[in-house]
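Visitor: let's see this in three dimensions:
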Amino acid sequence: MPRQYPIERYRDIGIIAHIDAGKTTVTERVLFYTGISHKIGEVHDGQAIMDWMEQERERGITITAAATTCFWTPFGKERTKANEYRINIIDTPGHIDFTAEVQRSLRVLDGAVVVFDGVAGVEPQSETVWRQADRFSVPRICFINKMDRIGASFEKSLESIWQKLSPNAVALQIPIGAEEKLEGVIDLLEMKALKFEGDFGQIVREEEIPDNLLKKAKDYNPPTTLRGEKYSSLLEEAKMWRARLVEKIAAEDEKLLEKFLAKQEISVEELRKVLRKAVLDYKLIPVFCGAALRNKGIQPLLDGVVYYLPSPIDLPPVRGIDPKTGKEIEREASDEKPFSALAFKIAADPYVGTLTYFRVYSGSLTRGSYLLNSTTGEKERIGRILRMYAAEREEVSEIFAGDIAATVGLKATSTGHTLCDEAHPIILEKITFPEPVISIRIEPKTKQDQEKMSLALRRLAEEDPTFKVKGDLETGETIISGMGELHLEIIADRMRREFKVEGNVGKPQVAYKETIKGEAEAEGKYIRQSGGRGQYGHVFLRVKPKERGQGFEFVDAIKGGIIPKEFIPAVAKGVKEALEKGIIAGYPMVDMEVTLYDGSFHEVDSSEIAFKIAGSVALQGASKKAKPILLEPIMRLEVIVPSEFFGDTIGDLSARRGKIEETKDRLNLKVIDAKVPLAEMFGYATALRSLTEGRGTFTMEFDHYEEVPNNIAQEIIEGKRK
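Guide: Presented below is the predicted three-dimensional model:
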């Protein structure tokens with residue numbers, strides 16, 4: 001089956017944002033206008049196509065990233081296959097507990113649409129997803145949504161993007177009216193007014209920009225710029241915005257700059273071409289606006305995706321490591337190159353089994369082929385290739401570079417693994433995920449559930465890299481860890497519904513960590529003599545702290561074969577096991593460097609097990625002398641409350657050991673930014689509701705680990721803390 005769309009007309013994009021900015025609503029409109037759905041699904045009715053899980057529909061939030069494919073012809077062009085673009089979209093969650101979904105999606109996408117709430121502007125998780133997009137160098141465009149809400153301000157939202165995210169954001173549109181008077185948008189490149197008509201805003205009408213005086217403030221709400229200027233007409237305002245836009249674009253190209261300085265006319269085509277290049281180089285970020293719920297502004301946004309976001313061939317070739325030589329190699333986005341793809345998501349599907357989502361970077365793949373999983377070295381057979389439309393799927397016989405697809409029944413492939421041509425192996429860069437910050441104990445309700453529960457937890461852990469399961473050997477209990485209370489609540493709910501397993505769930509526990517503040521050395525000996533062959537292991541270790549977040553490093557400083565090479569990995573293993581158990585309260589130790597610098601061995605009695613035990617003993621001895629401390633997760637918190645509850649909310653946060661960083665006004669609300677230990681935040685949703693008569697809201701995300709104050713550390717160590 002030949003390729004239906006040339007690769008330059010592919011767009012692999014993600015829709016990312018803070019929770020509740022309207023990502024899924026935007027995606028639903030996109031599916032409607034591109035003809036994929038014939039009815040608009042609403043999140044608040046639990047009918048959104050992209051929110052297909054029961055838990056998503058009940059809660060009205062996105063939990064899992066859903067992938068879909070649609071087709072779009074830019075406005076003003078004839079709807080023929082020759083003018084059509086294939087857009088692969090991933091709608092990601094906004095809730096920070098599901099950050100892994102955003103991270104793995106951004107890793108395989110070429111461009112992103114960042115959605116903002118027109119009232120709130122940049123919110124905490126807008127910053128988080130923006131930083132994640134920065135990490136993967138993803139070109140992006142912005143959409144300021146909810147311009148129809150009371151208090152919506154295009155200017156203030158744009159100002160918050162300039163201040164908090166990037167000074168390179170440029171407005172390509174301004175709204176016509178605001179709040180309930182929102183009529184449409186002005187396209188600043190074409191200098192046309194766009195109105196959206198029909199029951200679903202599906203008819204876009206181009207008009208001349210009205211040159212009327214804005215006399216009736218109550219009818220139009222005259223825009224005031226941040227400099228306090230007032231305009232006599234909408235046309236005058238649009239001209240000012242366009243002049244700024246043209247100046248910004250012209251600055252990115254020498255020829256255009258000469259024309260601009262000589263006051264020559266610059267065509268829309270020239271501006272669009274230079275703007276596209278600037279977006280791909282991440283020098284400019286176009287900003288669109290509208291109101292997705294009222295079906296205003298989505299079609300021009302789709303044009304923006306096509307005009308400014310990259311196709312797979314606009315980006316540098318993907319890089320990876322040759323597993324045979326260890327050297328860096330590149331793969332261009334071409335069907336003729338050897339096949340390479342990255343598995344970015346594993347999903348348990350009740351009908352077809354385990355689905356593996358992957359992004360094809362180079363080459364093509366036909367059904368029935370064999371591939372190499374270069375991360376594990378195992379072969380995999382591709383039995384079925386599925387193109388996904390949220391929860392629906394379509395079987396295809398072949399896929400090509402730039403495609404996002406899924407396959408069923410891969411045995412040894414998990415998130416972040418590379419699938420490639422056996423004859424031309426490559427290992428693509430893995431996806432790294434944050435460590436869990438919260439744990440709960442879980443046990444099956446009946447003996448019969450025991451087997452089913454371990455299977456369910458294993459399947460869910462394969463699917464979600466931020467969800468971890470481990471057994472507590474001392475108590476025989478199972479401990480599950482995740483990114484937040486909601487994350488673990490959804491896991492328990494899915495276990496009950498999808499795997500029919502009932503479990504008793506304990507209270508949430510904080511994932512504390514241990515580390516050291518000083519340097520120390522210690523000797524570890526393990527000598528046993530018991531008739532016949534004995535055991536002999538003897539090492540000296542030095543420990544010192546590393547910067548927060550740098551992890552553990554084992555340094556082999558043995559010279560002259562004092563300890564034979566074959567025993568050194570055993571010492572490292574013993575050290576790692578001791579780190580897992582901790583020193584003061586049984587929590588894993590992090591952020592330290594352990595150096596093996598001396599020791600001795602016995603010709604006959606030395607063994608790997610003896611050196612492993614000696615390594616463990618020495619690590620414990622050295623750590624106890626190196627001022628061990630407890631670390632706790634600190635969360636970044638944004639609380640929004642009506643002004644009259646401001647004092648009580650601040651008082652409550654202080655009582656929870658919170659540090660207030662900033663307070664801001666938003667209409668008649670107060671916005672509080674704070675850093676608070678996770679240990680103090682359990683049950684905060686209920687507490688905030690009762691403090692504010694149910695009108696306060698908050699969002700919380702992990703920020704960093706910090707030392708626990710002495711008095712509280714003592715309570716944790718003695719096990720007094722509930």
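Visitor: from here on, just use CA atoms for contacts and neighbour counts.
Guide: Will do.
Visitor: element containing residue 416, please.
Guide: Under DSSP states H and E, no helix or strand contains residue 416.
Visitor: wait, what's in contact with it?
Guide: 342-345, 429-431 (CA atoms under 8 Å, 6 or more residues apart in numbering).
Visitor: from residue 338, how far off is it?
Guide: Noted for residue 416: a distance of 19 Å to residue 338, by CA to CA, to the nearest Å.
Visitor: which SSE is immediately downstream of the lowest-mean-pLDDT helix or strand in the chain?
Guide: Ranking every helix and strand in the chain by mean pLDDT, DSSP states H and E puts helix 217-220 at the bottom, with a mean of 38. Proceeding C-terminally, helix 217-220 gives way to helix 234-250 as the next helix or strand, assigned by DSSP H and E.
Visitor: CA atoms only for that next one, dumped as CSV, please.
Guide: Provided in CSV are the C-alpha atoms of helix 234-250 (Å, rounded to 0.1, in the frame of the first residue of the first chain):
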residue,chain,number,x,y,z
LEU,A,234,-11.0,48.4,15.9
LEU,A,235,-9.2,48.9,12.6
GLU,A,236,-6.7,51.3,14.3
GLU,A,237,-6.0,48.8,17.0
ALA,A,238,-5.5,46.0,14.5
LYS,A,239,-3.0,48.2,12.6
MET,A,240,-1.0,48.8,15.7
TRP,A,241,-0.9,45.0,16.5
ARG,A,242,0.0,44.2,12.9
ALA,A,243,2.9,46.7,12.9
ARG,A,244,4.4,45.0,16.0
LEU,A,245,3.9,41.6,14.4
VAL,A,246,5.5,42.6,11.1
GLU,A,247,8.5,44.2,12.9
LYS,A,248,9.1,41.0,15.0
ILE,A,249,8.9,38.7,11.8
ALA,A,250,11.1,41.0,9.7
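Visitor: show me what that helix is packed up against.
Guide: Packed against helix 234-250, as judged by 3 or more CA pairs under 8 Å, 6 or more residues apart in numbering; DSSP states H and E, are the following elements: strand 169-171, helix 254-261, helix 268-280.
Visitor: tell me the most buried of those?
Guide: Most buried of those, by mean neighbour count (mean count of other CA atoms under 10 Å): strand 169-171, with a mean of 22.
Visitor: show me what that strand is packed against.
Guide: Packing contacts for strand 169-171, counted by 3+ CA pairs under 8 Å, 6+ apart, involve helix 154-164, helix 234-250, strand 285-289.
Visitor: what's the average pLDDT for the shortest one?
Guide: When you say that, I think you mean strand 285-289. For strand 285-289, mean pLDDT is 94.
Visitor: parallel or antiparallel, which strands does it pair with?
Guide: strand 140-145 (parallel), strand 169-171 (parallel) (DSSP bridges).
Visitor: related to what we said a few turns ago, residue 136 is nearest to which of the helices and strands packed on helix 234-250?
Guide: Among the helices and strands packed on helix 234-250, the nearest to residue 136 by CA to CA is helix 268-280 (13.0 Å).
Visitor: neighbouring contacts of that closest one?
Guide: Contact with helix 268-280 is made by 139-140, 189-190, 246, 249-250, 252-253, 284-286, 307-310, 314-315, as judged by CA under 8 Å, 6+ apart.
Visitor: residue ranges with poor pLDDT in the protein?
Guide: Within the chain, the ranges that satisfy pLDDT under 70 run 1, 37-66, 91-105, 212-232, 348-352, 390-392, 472-476, 530-532, 667, 720-722.
Visitor: helix, strand or coil for residue 200?
Guide: Put simply, residue 200 is coil when judged by DSSP: H, G, I helix; E, B strand; the rest coil.
Visitor: wait, it sits on residue 293?
Guide: No: at 9.7 Å, residue 200 does not count as touching residue 293 under the criterion of CA atoms under 8 Å.
Visitor: reformat the helices and strands packed on strand 169-171 as TSV; add distance to residue 517 and mean neighbour count.
Guide: Shown next, in TSV, are the helices and strands packed on strand 169-171 (distance: least, CA to CA, whole Å; neighbours: other CA atoms under 10 Å):
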stretch	distance to residue 517	mean neighbour count
helix 154-164	34	18
helix 234-250	50	18
strand 285-289	44	25
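Visitor: make a markdown table out of these and add distance to residue 322.
Guide: Formatted as a markdown table, the helices and strands packed on strand 169-171 follow (distance: least, CA to CA, whole Å):
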| stretch | distance to residue 322 |
| --- | --- |
| helix 154-164 | 40 |
| helix 234-250 | 40 |
| strand 285-289 | 35 |
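Visitor: helix, strand, or coil at residue 595?
Guide: strand.
Visitor: give me the beta-bridge partners of it?
Guide: On the basis of DSSP bridges, residue 595 is bridged to residue 542, residue 555.
Visitor: quick one: contacts for the nearest residue to residue 257 once chain neighbours are set aside?
Guide: Distances taken as CA to CA, 6 or more residues apart in numbering place residue 250 nearest to residue 257, at 4.7 Å, with adjacent residues excluded. By CA under 8 Å, 6+ apart, residue 250 lies in contact with 256-257, 260, 271, 274.
Visitor: give me the subset of the contacts of residue 416 lying in strands.
Guide: 342-345 (DSSP state E).
Visitor: can I get these in a markdown table with distance to residue 451 and neighbour count?
Guide: What follows is those, written out as a markdown table (distance: CA to CA, whole Å; neighbours: other CA atoms under 10 Å):
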| residue | distance to residue 451 | neighbour count |
| --- | --- | --- |
| 342 | 32 | 26 |
| 343 | 28 | 26 |
| 344 | 28 | 24 |
| 345 | 25 | 26 |
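Visitor: and the furthest pair within the residues you listed?
Guide: 342 and 345 (9.3 Å).
Visitor: which neighbours do these two share?
Guide: Common neighbours of residue 342 and residue 345 (CA under 8 Å, 6+ apart) are 358, 416.
Visitor: re earlier: if any of the contacts of helix 268-280 are buried, put those into a ChimeraX selection.
Guide: Restricted to buried positions by 16 or more other CA atoms under 10 Å, the ChimeraX selection for these reads:
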select :139,140,189,246,249,250,252,284,285,286,308,309,310
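Visitor: what is the nearest of the contacts of residue 416 to residue 635?
Guide: residue 431 (23.0 Å).
Visitor: and the closest one, backbone torsions?
Guide: The phi/psi pair for residue 431 (degrees, to the nearest 10) reads phi -100, psi 130.
Visitor: isn't it right up against residue 107?
Guide: Yes: taking CA under 8 Å as the definition, residue 431 is a contact partner of residue 107 at 7.1 Å.
Visitor: what about these two, which has more around it?
Guide: residue 107 (22 against 19; other CA atoms under 10 Å).
Visitor: let me see the contact set for the more buried one.
Guide: 136, 431.
Visitor: that one is in what secondary structure piece?
Guide: Element membership for residue 107, per DSSP H and E: helix 99-108.
Visitor: and residue 200 and residue 293? Which one has more around it.
Guide: Neighbour tally, residue 200 and residue 293, criterion other CA under 10 Å: the higher count belongs to residue 293, 19 against 16.
Visitor: quick check: the more buried one vs residue 32, distance?
Guide: 12 Å.
Visitor: hmm, back to that, for residue 645, find the nearest of the helices and strands packed on strand 169-171.
Guide: Comparing those under CA to CA, the one sitting nearest is helix 154-164, at 24.7 Å.
Visitor: quick one, strands of the stretch 301-450 of the chain?
Guide: Counting by DSSP state E, counting those that start in this stretch, one finds strands in the stretch 301-450 of the chain at the ranges 318-321, 328-331, 340-349, 353-362, 364-366, 370-373, 378-381, 385-389, 392-396, 398-400, 404-408, 418-420, 427-428, 438-444.
Visitor: re the thing from before, could I get the strands paired with strand 285-289 as JSON lines with distance to residue 651?
Guide: JSON lines is the format used below for these (distance: least, CA to CA, whole Å):
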{"stretch": "strand 140-145", "distance to residue 651": "34"}
{"stretch": "strand 169-171", "distance to residue 651": "38"}
